[in-house]
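Enquirer: A structural model of the following input is requested.
(2 chains)
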Amino acid sequence: MIRKRSRIERQLIIFGSAFGTTAELVRGTWRSGSGRKWMIPLIIFLCLNGLLLTLAAGVEVLAPFVYSIF
Amino acid sequence: MKILGISAHYHDAAAALVIDGLPVAAVQEERFSRAKNDAAFPMAAIEWCLDQAGLEPEQLDAVVFYEQPALKFDRILTSSLRSFPHSWRSFPKAMKNMLGEKLWIRGIIASQLGVPGRKVLFSGHHMSHAAASFLTAPCGEAAILTADGVGEWATMTIGAGQKGKDHATSIKLIRELRFPHSLGLFYSAFTAFLGFAVNEGEYKVMGLAAYGVPNRVDDVYQVIQRTADGALELDLRYFDFHSRAETSFSKRFTDLFGPPRNPNEPIDLASQDGRRFVDIAASAQRVLEDILVDIAQALHRETGFPDLCLGGGVALNGVANARLLAESGFERVSVPPAPGDAGCALGAALFADRIHFGQPHRDVPDHPFWGPGIEPADLLRLAREDDIPVEEVDEDALLSDIADALWQGAIVGWMDGALEFGPRALGHRSLLAAPHDAALRDRLNRDIKYREEFRPFAPVVTLEHAHRFFELAPGAERLGRFMSGVFPVRREWRERLAAVTHVDGTARVQVLDPPMAPRLARLLDLYGQRSGIPVLLNTSFNLAGEPIVNTVAEGYSTFRRSGIDLMVAGSICVRKGGQRHEALSEAAE
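Expert: Below you'll find the model as predicted:
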């Protein structure tokens, strides 16, 4: 039986692991050659946006603040 | 080791559980959610797999996702930037899709299952296809060919695999073709042009191709060209999939082939447009086959292995598979029961077991029945509640009754044992009917399956009798085991197998090895005693747009809502009252 977690708990776990995923992505792009290194700031920017989306979806109380950023 | 494999978030999500090197459960999410090709995170499938083995998520040694989301994100971002500004519309949608969920799959798995992130592993998309095909095939070494729309970057790979009892199993993908050049996306563009849903209607193009003449092959070779290294290249001016999400072919494509088909209009073969569509389908199919055969021939020369393992969605193309067997030089071609993305769940789990953790190889049981079983008592209860006559007799009498009913023209909903893993009904969730009468095929299409008239039905025959009715090339039994090859019906039997013979005289035959589905084999024998032809029409037990039934209640609901005459679940049989069936003896004779 899989223990069901609350939505906030789930989103926080996803949020916590996202930094590792972003770091892997950046590391991969850095290693893939100089021709693609310029993409790293874009990747970081997009990932941060993604994290905000994830956080807004899970922690509803934060949604109005995230909304105001855009 | 206890390893859970997961595929999700593209199409046809699934979960598979491997314990000590052998699968114990594998099932698609759609079979629980009842949404066809459900791509959502397969929570129900995972729960069922764990329950089946009596495991808690904490007891898992690893959870393996079937592809690498970071690489996929890299591909989507890079190709969006490359095709800027054409991609400006699709870019936000693609990013929202990727950043909203897919990229964070490690966290999603950890949060849903409660396993630590370090236990979550990733396999490559095409490596998962290769593992699903090679590690389940009954061969020690084989060449491997995988082809689909797109994984991370790869769209097609060729390689070789070797199994070792001494921790030496290896799969080496030697070369890969990269997005946007893709045989799968090429075929999908024609699928969309012909008015069918991409990722779902490709098999309709294959069925439609039989009605046409491949007289547009030269035009098709304008959009897809061979390269000097033996690979292929799409002329991207004819396609849109790399820059837009909405369409897959460009205006230049329609300038070449004419206006696309309106999906809401039937294909009228008597009309000029109807002929155009079927000829284009035949030409695209011919080019796909020619390219696959050519690549496989080169792979055979390179590896020298007698076996070829095929994986990826393109391996569902039974006509191409049969040509590969006949012309590539390989003695046997193996296609797993779930060669598409769903099968990657099992492939990823087996890859982790054999290659990541280096466990010794164990032969995987050669059947597709890894899903939930049935509760025949449910049928008894449901039918009694509805005052429908129920029969519960001994096995011999039951099978004898069903054979009689089939001979009298009944359509039978057949549920037996564990659910098939993969898109084909291979004898545990099937609709069975007599194969003699084309009118019965039309009735199935009209009253039960509600599908296009041009689509053929498949036959099932036991290994013992297969060669009598079908022209099976050496090695065809392997392809026929999971209904993965299309072979000619022997000319003298075509009229008497009218319901399962396609317009070009072929059939996608299931060659049944009796130990795989003994009750169905017995039924085929009994039916053969009555009709002289131990062949049955076998199609999936579902209605149009619905997944194959899983539980007895779903089977019963389908039985009540459609023109199925009789339903069998285990030893229980129910039939709709007051129906008389026209004897088929005349048609058979």
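Enquirer: wait, what's in contact with B:V412?
Expert: Taking C-beta atoms under 8 Å, 6 or more residues apart in numbering or on different chains, we find B:V412 in contact with B:402, B:405-406, B:431-433, B:564-568. For glycine as for every other residue, the C-beta is placed from the backbone atoms N, C-alpha and C.
Enquirer: Show me those that map onto helices.
Expert: The helices, defined by DSSP state H, take in B:402, B:405-406 from these.
Enquirer: which of those has the most neighbours?
Expert: B:L406 (28 neighbours; other C-beta atoms under 10 Å in any protein chain shown).
Enquirer: pretty sure that residue contacts B:L524?
Expert: No - if you go by C-beta atoms under 8 Å, B:L406 and B:L524 don't touch, sitting 10.0 Å apart.
Enquirer: So for those two, which residues contact both of them?
Expert: Taking C-beta under 8 Å, 6+ apart as the contact rule, B:L406 and B:L524 both touch B:L536.
Enquirer: Quick one: distance of the helix or strand hosting A:I8 to the chain centre.
Expert: In the assignment (DSSP states H and E), A:I8 maps to helix A:7-31. Remark: helix A:7-31 is offset 6 Å from the chain centroid, using C-alpha atoms, centre = their mean, to the nearest Å.
Enquirer: From the contact counts, what lies against it?
Expert: With contacts taken as 3 or more C-beta pairs under 8 Å, 6 or more residues apart in numbering or on different chains; DSSP states H and E, helix A:7-31 sits against helix A:39-58, helix B:69-82, helix B:105-113.
Enquirer: Throw those helices into a markdown table and include mean pLDDT, distance to B:L185 and mean neighbour count, thanks.
Expert: Putting these into a markdown table (pLDDT from 0 to 100; distance: least, C-beta to C-beta, whole Å; neighbours: other C-beta atoms under 10 Å in any protein chain shown) gives the following:
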| stretch | mean pLDDT | distance to B:L185 | mean neighbour count |
| --- | --- | --- | --- |
| helix A:39-58 | 85 | 24 | 17 |
| helix B:69-82 | 89 | 12 | 19 |
| helix B:105-113 | 93 | 23 | 24 |
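Enquirer: Same list (those) but as a markdown table, adding distance to B:L426.
Expert: Below are the helices and strands packed on helix A:7-31 laid out as a markdown table (distance: least, C-beta to C-beta, whole Å):
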| stretch | distance to B:L426 |
| --- | --- |
| helix A:39-58 | 40 |
| helix B:69-82 | 32 |
| helix B:105-113 | 30 |
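Enquirer: Which among the ones you listed is found nearest to B:N262?
Expert: Among the helices and strands packed on helix A:7-31, the nearest to B:N262 by C-beta to C-beta is helix B:69-82 (29.8 Å).
Enquirer: now check that closest one, is it near chain A?
Expert: Yes - judged by C-beta under 8 Å from any C-beta of the partner chain, helix B:69-82 and chain A are in contact via B:69-71, B:73-74, B:77-78, B:81.
Enquirer: quick one, strands of the stretch 1-150 of chain B?
Expert: B:2-7, B:14-19, B:22-28, B:62-65, B:120-122, B:141-147 (DSSP state E, counting those that start in this stretch).
Enquirer: Nearest to chain A, out of those strands?
Expert: The closest of those to chain A is strand B:120-122. By C-beta to the nearest C-beta, the value is 8.6 Å.
Enquirer: Output the contacting helices and strands for that closest one.
Expert: In terms of contacts (3+ C-beta pairs under 8 Å, 6+ apart), strand B:120-122 is packed against strand B:62-65, helix B:105-113.
Enquirer: contacts for the helix or strand that contains B:Y221?
Expert: Using DSSP H and E, the element containing B:Y221 is helix B:217-223. For helix B:217-223, contacts defined as C-beta under 8 Å, 6+ apart pick out B:186, B:189, B:234-235, B:238-239, B:253, B:256-257, B:280, B:283-284, B:286-287.
Enquirer: Report the buried residues of that helix.
Expert: Within helix B:217-223, the residues scored as buried using 16 or more other C-beta atoms under 10 Å in any protein chain shown are B:220, B:223.
Enquirer: Mind checking which of the contacts of B:V412 land in strands?
Expert: Counting by DSSP state E, the part of the contacts of B:V412 found in strands is B:431-433, B:566-568.
Enquirer: need the residues you listed in a markdown table with neighbour count and distance to B:T155, can you?
Expert: A markdown table is the format used below for the ones in strands among the contacts of B:V412 (neighbours: other C-beta atoms under 10 Å in any protein chain shown; distance: C-beta to C-beta, whole Å):
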| residue | neighbour count | distance to B:T155 |
| --- | --- | --- |
| B:L431 | 26 | 35 |
| B:L432 | 27 | 38 |
| B:A433 | 27 | 38 |
| B:L566 | 22 | 45 |
| B:M567 | 27 | 42 |
| B:V568 | 27 | 43 |
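Enquirer: of these, list those near chain A.
Expert: Near chain A, by the rule C-beta under 8 Å from any C-beta, you find none of these.
Enquirer: so of the contacts of helix B:217-223, which ones are in strands?
Expert: Those of those lying in strands (DSSP E): B:L234.
Enquirer: Let me know the closest of the contacts of helix B:217-223 to chain A.
Expert: Using C-beta to the nearest C-beta, B:L234 comes nearest to chain A of the contacts of helix B:217-223, at 23.1 Å.
Enquirer: Provide a list of residues in contact with the closest one.
Expert: By C-beta under 8 Å, 6+ apart, the neighbours of B:L234 are B:180-182, B:185-186, B:223-225.
Enquirer: quick one: B:T157 is in a helix?
Expert: No - looking at B:T157 with DSSP: H, G, I helix; E, B strand; the rest coil, it is strand, so not inside a helix.
Enquirer: partner residues bridging it?
Expert: B:T146, B:E176 (DSSP bridges).
Enquirer: and it, how many residues sit next to it?
Expert: Neighbourhood size, B:T157 [other C-beta under 10 Å]: 25.
Enquirer: Surely B:F32 is in contact with B:V549, unless I've mixed up the numbering?
Expert: No - if you go by C-beta under 8 Å, B:F32 and B:V549 don't touch, sitting 11.7 Å apart.
Enquirer: More neighbours: which of the two?
Expert: B:V549 (26 against 20).
Enquirer: where does the more buried one land on pLDDT?
Expert: What the model reports for B:V549 is a pLDDT of 97.
Enquirer: Relative to chain A, how far out is it?
Expert: Counting by C-beta to the nearest C-beta, to the nearest Å, the gap from B:V549 to chain A is 25 Å.
Enquirer: can the helices and strands packed on strand B:120-122 go into TSV with extra columns for distance to B:V335?
Expert: As requested, the helices and strands packed on strand B:120-122 are exported to TSV (distance: least, C-beta to C-beta, whole Å):
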stretch	distance to B:V335
strand B:62-65	22
helix B:105-113	28
